[in-house]
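Engineer: Starting from these lines, generate the structure:
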Amino acid sequence: MPEVTMYATATCPYCERARRLLKRKGVSYSEIRVDQDLTRWAEMEARSGRATVPQIFIGDHHVGGYDDTAALDAQGDLDLLLGLA
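Structural biologist: Here you go, the predicted structure:
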């Protein structure tokens, strides 16, 4: 399974939804808390081109935020990216 990285904050409801989705899938992931280190926020923006959380990466592939990830899951494409299919 490829490495999954999520840039997130502690209190963001979309971040919590993303955590629950990944947990439901049985996916372990690295979480980078951008609310604790503004240099990591800048890293997230540079890497994703977006200024909102969460931002999720599977390997080097930018999946997007929670809505993007949930849409991929509904289409069955998230399992393919995660190597679960």
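
Engineer: quick one: contacts for the residue most central in space within the chain?
Structural biologist: When the chain is reduced to its mean C-alpha position, the closest residue under Cα atoms, centre = their mean turns out to be Ile56, at 2.2 Å. Remark: with contacts taken as Cβ atoms under 8 Å, 6 or more residues apart in numbering, Ile56 is in contact with 4-7, 18, 62-66, 68-69. Just so you know, the C-beta spots here come from the backbone N, C-alpha and C atoms, and that holds for glycine as well.

Engineer: Only the buried subset of these, as a ChimeraX command please.
Structural biologist: Selection of buried members from those for ChimeraX, criterion 16 or more other Cβ atoms under 10 Å:
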select :4,5,6,7,18,63,64,65,66,68,69
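
Engineer: Nearest to Leu81, out of the contacts of Ile56: which one, please.
Structural biologist: Distance to Leu81, by Cβ to Cβ, is smallest for Val63 among these, at 7.0 Å.

Engineer: Please name the spatially closest residue to the closest one (chain neighbours excluded).
Structural biologist: Nearest non-adjacent residue to Val63, counting by Cβ to Cβ, 6 or more residues apart in numbering: Ile56, 4.5 Å away.

Engineer: chain center to the helix or strand containing that neighbour: distance?
Structural biologist: If you go by DSSP states H and E, Ile56 is part of strand 55-58. Relative to its parent chain, strand 55-58 has a centroid offset of 4 Å by Cα atoms, centre = their mean, to the nearest Å.

Engineer: Averaged pLDDT, the following helix or strand past it. What do you get?
Structural biologist: Remark: after strand 55-58, the chain's next helix or strand is strand 61-64, criterion DSSP H and E. Looking at strand 61-64 alone, the average pLDDT works out to 98.

Engineer: What ranges in this protein fall below the confidence cut-off?
Structural biologist: Per-residue confidence of the chain (counting by pLDDT under 70) places no residue in a weak region.

Engineer: show me where it has strands.
Structural biologist: 4-8, 30-33, 55-58, 61-64 (DSSP state E).
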